[in-house]
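S.K.: Return atomic coordinates for the entry below.
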Amino acid sequence: MIWDDLCELIDSHQRFLISSHLSLDGDSVGSQLAMSWHLKSKGKDVVLYNADPVPKKFRFLQRVEEITTVVPSVKPDVLVILDCSNLQRLGWNAEGITPLIINIDHHRDNTRFGIFNHIDDRAAATGAIICRFFKECGITYPPEVAEALYAAIMTDTGGFRFSNTTSSILRICADLIDAGADGSKIYEKVYSSHAPEGLMLQARIWSSLKYHLDGRVCSMEMPLAVLEEIGAVYSDSEGMADHTITAEGVEVGIMVKYSASESHFSLRSKGTVDVGKIAQKIPGGGGHFSAAGCTIEMPFEEAFPYMLNILSAEMG
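M.R.: All right, here's what the predicted structure looks like:
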């Protein structure tokens, strides 16, 4: 069985540190909570550590308060990295922590940095891979874990709107509902519960909308300084990139969040342009065919035309 090596690695060690990528999303949070539950159910010592805090919209998930941004004081036997294509994307230095790394992910550009690597770029979410692990190993789980995994899959399919919403994914989610996940509640918490300041931030972002390259590219932008001005938090802007590809004629969407010295690009595609390959042209960038990201170490005024030139060359 493909999971034998993972099970042996878990069974033969006691201390585990679980982490995921910068700017936590539903898949990274839900997958971590599910794996943490499994390890603790086997009597293991588990620390959930991430460089960034959990976005407010996911704090309804049970045991989410166990995810900390405080650097752990005890070295783990095993490092578990979920939903993260390379160690640099963690946002903290994991080099030398331990040679034993479990790497479970669905990004096609994953660098296979673990001693155990399970990379399935056909999976809609890392949470879906964990569901398969649980099912194939006969692991039953409580409703709180079903909800974490449902949130993971729901968010990485864009609320079941993206092309990765396959029949098999919907069957997995049906199993999760049967296991106790409340799909309606999870959708409301993630997509329909906004702080007033969050809506003000989104309104500001909407007002920046522009079209480029004869209407084939749509962009929105957010200077980080606006967060303090409005009283919003960074996670209030999550999901705005998905709106950039909703206009007719648009092939690629860009959401840029920038400081004085660097610009982070979230790229989206309707399926005709591989934005993952475009993001890989920037050091540290990458992602999926239809959703990817990268950071350019330039102020917005320089970084945006730089990205447009890359897109123009790729799109013809």
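
S.K.: can we go C-alpha only for contacts and neighbour counts from here?
M.R.: Noted.

S.K.: The helix or strand bottoming out on mean pLDDT in the chain: partners in the sheet, and parallel or antiparallel?
M.R.: The least trusted helix or strand in the chain, going by mean pLDDT, DSSP states H and E, turns out to be strand 286-287, with a mean of 85. The pairing partners recorded for strand 286-287 under DSSP bridges are strand 291-296 (antiparallel).

S.K.: Tell me where this structure has strands.
M.R.: 15-19, 45-49, 67-68, 78-82, 101-105, 116-119, 210-212, 217-223, 252-258, 263-269, 286-287, 291-296 (DSSP state E).

S.K.: In terms of mean pLDDT, which of those ranks lowest?
M.R.: Lowest mean pLDDT within these: strand 286-287, a mean of 85.

S.K.: what about Met154, distance to Thr111?
M.R.: According to Cα to Cα, to the nearest Å, Met154 stands 25 Å off from Thr111.

S.K.: what about the two, which has more around it?
M.R.: Between Met154 and Thr111, counted using other Cα atoms under 10 Å, the more crowded position is Met154 (26 against 14).

S.K.: Report the contact partners of that one.
M.R.: 26, 160 (Cα atoms under 8 Å, 6 or more residues apart in numbering).

S.K.: show me where the stretch 151-300 of the chain has helices.
M.R.: Here the stretch 151-300 of the chain has its helices, by DSSP state H, counting those that start in this stretch, at 167-178, 183-191, 196-206, 225-230, 275-279, 300-315.

S.K.: Including distance to Val54, mean neighbour count and mean pLDDT, could these go into a markdown table?
M.R.: Formatted as a markdown table, those follow (distance: least, Cα to Cα, whole Å; neighbours: other Cα atoms under 10 Å; pLDDT from 0 to 100):
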| stretch | distance to Val54 | mean neighbour count | mean pLDDT |
| --- | --- | --- | --- |
| helix 167-178 | 22 | 16 | 98 |
| helix 183-191 | 13 | 15 | 95 |
| helix 196-206 | 16 | 17 | 96 |
| helix 225-230 | 17 | 13 | 95 |
| helix 275-279 | 25 | 23 | 93 |
| helix 300-315 | 26 | 15 | 96 |
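
S.K.: Domains in the protein, by residue range?
M.R.: Here the domain parsing of the chain from automatic domain parsing is 4-191, 196-315.

S.K.: So what touches stretch 224-232?
M.R.: 197-198, 200-201, 233-234, 257-259.

S.K.: no no, stretch 92-106
M.R.: Contacts for stretch 92-106 (Cα under 8 Å, 6+ apart): 6, 51, 75-85, 87, 112-126, 129.

S.K.: Thanks a lot, catch you later.
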